[in-house]
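[1] Need a 3D model of the following:
(one chain, ligands or ions: 1)
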Amino acid sequence: MASTTLPTTMKALVCEEAGKPLQLKTLPVPTATPGSVVVKILVTAADPGLAHILSGRVFTFPKNLVPCGRAVGRVAAIGPDTTSLTEGQLVLIEPFVRARDDPNVQILWGTFDGPTPASKKFTADNWSRGTLAEYCRTPLENCHPLNEKLLCGSPSEGGFGYRPEDLLALSKQVVAYGGLRGIHLEPGETVIVAPATGMFSGAAVQVAVAMGAKVIAFSRNKAVLEQIQATQPAGRVEIVLNTGDVEKDTAALKQFGPVDAYIDISPFQAAKSTHVRSAIMAVRQYGRVSLMGVIPGDISVPYAYAMWNNLTIRGQYMYERDDVRSLIKLAEAGVLPLGEKSGVKVIGKFGLDEFGQAIELASSHPEIGSTVVFTP
Ligand SMILES: NC(=O)c1ccc[n+]([C@@H]2O[C@H](COP(=O)([O-])OP(=O)(O)OC[C@H]3O[C@@H](n4cnc5c(N)ncnc54)[C@H](OP(=O)(O)O)[C@@H]3O)[C@@H](O)[C@H]2O)c1
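    Next comes the predicted model:
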């Protein structure tokens, strides 16, 4: 059911095929088909890894991709089977799309069309247009209502005073939340987060603290680690530097007492780093490990240590749908701070036509404390 008030055309950024530069194009405004809504994008992510994604070196995607699947916007048109979302409602959009008839067919909307012929066809036929546009058609399952009065309302009236660009962080934090829930992190537990300074790994520190855990942030960049520690409540984040000396690093990780869990969110560049071994060797009996990074090759696991200590080592791809609602509730309850309250500054806001500047600024600031956004 398309709204009569929507324009017929819109601006969008398009990557014709992997390795080609983005182009600003005029496309038809999508209509809301069954199982979807159309959202007017208020703010969408200019991620540090965007240029790398579009190079096609790690991810495959269909021709004429409108990249990105993370945004905050307003519902502009509801579909014939929409039951709760309403026009004008503030929503969070996240990119983990599963086929309705087979949830094992999974894609990262706007980034990766998945590893199988079915996932690639599913993407090309339905979801090649993401959020770097003025409007996007969004699967109902990936469109999450936000309590605007509470999250964006004035603090004098009991609100948190967040801006849409602050709320966008939820679409990244939910990745770590999926991993931490996957290993059943409990309040009061101690968890190693390694590395701890990137967009997703730094978000893991924020989320683990909000879940009531104590965090050992294990990474190489001392300056950023200290910034992260300074933005969290006193005593909730300890810092250990990844020096590459396994015995020394393991001992440093164990100095704060028993370690219940470890979440790893390494990029491919860390494939040869010793930190995975150091961190696994620091986890207590019956401890849990979540592997969330994208390391293409194999890693060396301390096999006997894992056996003697009854460790659970779990791989984790993204999150469950319920995790998104649950994380939003943490923010709405005030337990998970966002924006500058979480130590994250928006260092650049760009129109779609300024994509060159946006990508350059974002790629030179990959650390958690800075974020760059598009406001289409
Ligand atoms: N499983 C999933 O569902 C899922 C979802 C989203 C993202 N991911 C993946 O998660 C990974 C991390 O994302 P991100 O944005 O946080 O990554 P990132 O910013 O590229 O890197 C995170 C940190 O890795 C450390 N690092 C870089 N090179 C290293 C090296 N050679 N040795 C040791 N450490 C190194 C750096 O920290 P220091 O300099 O402080 O050491 C850096 O801040 C990516 O590969 C991404 O694809 C997985």
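[2] What's the end-to-end length of stretch 191-204?
    Between the opening and closing residues of stretch 191-204 lies a distance of 10 Å (C-alpha to C-alpha, to the nearest Å).
[3] no no, stretch 30-41
    End-to-end distance of stretch 30-41 (C-alpha to C-alpha): 13 Å.
[4] which other residues reach that stretch?
    The contact list for stretch 30-41, computed with C-beta atoms under 8 Å, 6 or more residues apart in numbering, reads 1-3, 6, 29, 71-82, 85, 91, 93, 100, 129, 131, 133-140, 143, 376. (Each C-beta comes from the backbone N, C-alpha and C, glycine too.)
[5] Rounded mean pLDDT for that stretch, please.
    The predicted model assigns stretch 30-41 a mean pLDDT of 98.
[6] ok so, going back, mind giving me the PyMOL command for buried ones among the contacts of stretch 30-41?
    Selecting the buried subset of the contacts of stretch 30-41 in PyMOL, with 16 or more other C-beta atoms under 10 Å as the burial test, is done by:
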select buried, resi 2+6+29+71+72+73+75+76+77+78+79+82+85+91+93+129+131+133+134+135+136+137+138+139+140+143+376
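[7] got a list of what Gly114 touches?
    By C-beta under 8 Å, 6+ apart, the contact list for Gly114 reads Val105, Gln106, Ile107, Leu108, Lys120, Phe122, Thr123.
[8] and the helix or strand harbouring Val205, does that touch the ligand?
    For Val205, the host element (DSSP states H and E) is helix 199-210. Yes. Where contact is defined by C-beta under 6 Å from any ligand atom, part of helix 199-210 touches the ligand, namely Met199, Phe200, Ser201.
[9] could you dump the following helix or strand past that helix to CSV, C-alpha only?
    Once the chain leaves helix 199-210, the next helix or strand it forms, by DSSP H and E, is strand 214-219. Extracted as CSV, the C-alpha positions of strand 214-219 are listed here (Å, rounded to 0.1, in the frame of the first residue of the first chain):
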residue,chain,number,x,y,z
LYS,A,214,33.2,-6.5,34.3
VAL,A,215,35.3,-6.2,31.1
ILE,A,216,39.0,-6.9,30.5
ALA,A,217,39.7,-4.9,27.3
PHE,A,218,42.6,-6.7,25.6
SER,A,219,44.1,-4.8,22.6
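[10] following strand 214-219, which helix or strand comes up?
    Downstream of strand 214-219 (by DSSP H and E), the next one is helix 222-231.
[11] So which elements touch the worst-scoring helix or strand of the chain on mean pLDDT?
    Ranking every helix and strand in the chain by mean pLDDT, DSSP states H and E puts helix 50-55 at the bottom, with a mean of 93. When contacts are defined as 3 or more C-beta pairs under 8 Å, 6 or more residues apart in numbering; DSSP states H and E, helix 50-55 packs onto helix 355-363.
[12] quick one, what contacts the most centrally placed residue in the chain?
    Nearest to the geometric centre of the chain sits Lys172, at 2.0 Å (C-alpha atoms, centre = their mean). Neighbour list for Lys172: Ala45, Arg70, Met199, Phe200, Ala203 [criterion: C-beta under 8 Å, 6+ apart].
[13] For those residues, pick the one with the most neighbours.
    Ala45 (28 neighbours; other C-beta atoms under 10 Å).
[14] For that residue, give the beta-bridge partners.
    Beta bridges link Ala45 to Val373 when assigned by DSSP bridges.
[15] just to revisit the earlier point, return the set of buried residues in the helix or strand harbouring the residue nearest to the centre of the chain.
    Taking DSSP H and E as the criterion, Lys172 maps to helix 170-182. By neighbour count on 16+ other C-beta under 10 Å, the buried set for helix 170-182 is 170-182.
[16] Tell me the confidence at the residue in the stretch 51-200 of the chain that the ligand sits nearest to?
    Taking C-beta to the nearest ligand atom, the ligand has its nearest neighbour within the stretch 51-200 of the chain at Gly198, 2.3 Å off. pLDDT recorded at Gly198 is 96.
[17] Report the contact partners of it.
    Contact partners of Gly198, counting by C-beta under 8 Å, 6+ apart, are Ile265, Pro267, Pro366, Glu367, Ile368.
[18] Flag every residue of this protein that's near the ligand.
    Residues of the chain lying near the ligand by C-beta under 6 Å from any ligand atom: 175, 195, 197-201, 219-221, 242, 265-270, 273, 292-294, 316-318, 366.
[19] For Ser156, the count of nearby residues, please.
    7.
[20] ranges for the helices of the stretch 251-376 of the chain?
    Using DSSP state H, counting those that start in this stretch, the helices of the stretch 251-376 of the chain run over 275-280, 303-308, 321-332, 355-363.
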